[in-house]
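Asks: Got a sequence here, can you build the structure:
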Amino acid sequence: MDVCLLGCGGMVPLPNRSLTALLVRQNGKMILIDCGEGTQVSIRKTGWGFKSIEAVFFTHYHADHIAGLPGFLLTLGNSGRKEPLTIFGPPPLEFVIKSLMVIAPELPYEIRLVEFSPQTAQNIEIGEVVVETLPMEHSIPCLAYRLMIKRAGKFDAVKAKKLDIPLNLWNRLQKGETIEYKGTRYEPDMVLGKERKGMKITYCTDSRPTMQFAEFAGESDLLICEGMYGDENLLPKAKERMHMTFSEAAEMAERSRSKELWLTHYSPSVSDPDQWISQIKSIFNNTVTGHDLMIKQINFTDET
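Replies: As a prediction, this is how the structure comes out:
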């Protein structure tokens, strides 16, 4: 999976910091999470294009996460898109999206809406990517997202030969398909070993830290988590506004045993996130202060 942090700012856009948005690409298909003001400009800078965006997911409906949607939808239409676009999010999804679309009323493609429960974890498949939700603690309904690609066990060719499984069925079994062929039923478990470690990206903004979230993010290859404030003296303010400090995000990364943490969603008052990096690394060493258009490619490993 290719991951691009399109914007890492919270509240208002700054000359050197775009508002919150994340773009994930897998086998040519893309998922957009949040769409702050100006997101269409950031997407254009990636060079990844617009037409392959399969779905949009919203964490919640504060303006710095969603005000860029009308412009994004119009740009998507101008790029030649004809296929339907599905938008996911917590309630009141339909009210918010239809209100924003008043200024983007004529699109050459259909908009489909799927509302997630604000209390119950749910999941949806977008191509190979399984997207799961977790309700978070914020001033309005808010979700964290976990994007996973599962990986089947290694195909055992020796076993397949011993079972006299026709060669033309091997690829389909390797992909997890159950096959009825010439009166015989073939199951993937007949030729696949133990499921191997897949990929996992977890994304959270605008929330207080919770043990449920640490479990949800467990062993993420990449945890992208808000750090509204670096200064620990502002912890009371973070609690009041239901955000996290840098150190709280690092604690979530440590508790979840994630491989890497990207801090994002900074307050406009945080002019230099690196000012606190040594302090944060003492909590979780593999912490990176996010910046606009930061990209990482995540690959399968040999871990089980």
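
Asks: neighbouring contacts of stretch 58-68?
Replies: Residues external to stretch 58-68 that are found in contact with it (Cβ atoms under 8 Å, 6 or more residues apart in numbering): 9-12, 19-21, 33-40, 87-90, 92-93, 96, 100, 136, 138, 140-145, 203-206. Yep, even glycine has a C-beta here, placed from its N, CA and C like the rest.

Asks: 7 Å - rerun?
Replies: 10-11, 19-20, 34-40, 89-90, 96, 138, 140-143, 205-206 (Cβ atoms under 7 Å, 6 or more residues apart in numbering).

Asks: before we move on, what about stretch 277-293?
Replies: 4-8, 17-18, 42, 45-46, 246-247, 250-251, 253-254, 259-264, 273-274.

Asks: returning to what we had before: now the contacts of stretch 58-68: which count as buried?
Replies: 10-11, 19-20, 34-40, 89-90, 96, 138, 141-143, 205-206 (16 or more other Cβ atoms under 10 Å).

Asks: what about Leu23, how many neighbours?
Replies: Per other Cβ atoms under 10 Å, the neighbour tally for Leu23 reads 21.

Asks: could you say which helix or strand contains it?
Replies: Element membership for Leu23, per DSSP states H and E: strand 21-26.

Asks: can you check Met148 too?
Replies: Assigned by DSSP H and E, Met148 belongs to strand 143-151.

Asks: Kindly report the same for Phe72.
Replies: helix 69-78.

Asks: Any buried residues in that helix, and which?
Replies: Buried residues in helix 69-78 (16+ other Cβ under 10 Å): 69-73, 75-77.

Asks: what are the ranges of the strands in the stretch 1-150 of the chain?
Replies: With DSSP state E, counting those that start in this stretch as the criterion, the stretch 1-150 of the chain has strands at 2-7, 21-26, 29-33, 53-57, 85-89, 111-115, 123-126, 129-135, 143-151.

Asks: name the helices or strands packed onto the second one?
Replies: Packing contacts for strand 21-26, counted by 3 or more Cβ pairs under 7 Å, 6 or more residues apart in numbering; DSSP states H and E, involve strand 2-7, strand 29-33, helix 39-46.

Asks: would you turn these into JSON lines with mean pLDDT?
Replies: Shown next, in JSON lines, are the helices and strands packed on strand 21-26 (pLDDT from 0 to 100):
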{"stretch": "strand 2-7", "mean pLDDT": "97"}
{"stretch": "strand 29-33", "mean pLDDT": "97"}
{"stretch": "helix 39-46", "mean pLDDT": "96"}
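
Asks: Now render those as a markdown table, adding distance to Val56.
Replies: Putting the helices and strands packed on strand 21-26 into a markdown table (distance: least, Cβ to Cβ, whole Å) gives the following:
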| stretch | distance to Val56 |
| --- | --- |
| strand 2-7 | 12 |
| strand 29-33 | 5 |
| helix 39-46 | 10 |
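
Asks: and Glu128, which of these is closest to it?
Replies: strand 29-33 (8.2 Å; Cβ to Cβ).

Asks: could you give the angle of that closest one to strand 21-26?
Replies: Angle between the axes of strand 29-33 and strand 21-26 is 160 degrees (criterion: axes from the mean of the first three to the mean of the last three Cα atoms, to 10 degrees).

Asks: What segments of the stretch 201-304 of the chain are strands?
Replies: Going by DSSP E, counting those that start in this stretch, the stretch 201-304 of the chain shows strands at 222-226, 261-264, 287-289, 294-297.

Asks: Name the nearest residue to Gly218, sequence neighbours excluded.
Replies: Ser256 (5.2 Å; Cβ to Cβ, 6 or more residues apart in numbering).

Asks: Actually, Tyr145.
Replies: Among residues not flanking Tyr145 along the chain, Tyr203 sits closest, at 4.9 Å (Cβ to Cβ, 6+ apart).

Asks: I'd like the distance between the nearest residue to Cys204 once chain neighbours are set aside and Glu83.
Replies: Excluding the flanking residues, the one nearest Cys204 by Cβ to Cβ, 6+ apart is Ala144, at 4.0 Å. Using Cβ to Cβ, to the nearest Å, we find Ala144 at a distance of 28 Å from Glu83.

Asks: Between the two, which has more neighbouring residues?
Replies: Using other Cβ under 10 Å, the more surrounded residue of Ala144 and Glu83 is Ala144, with 24 against 9.
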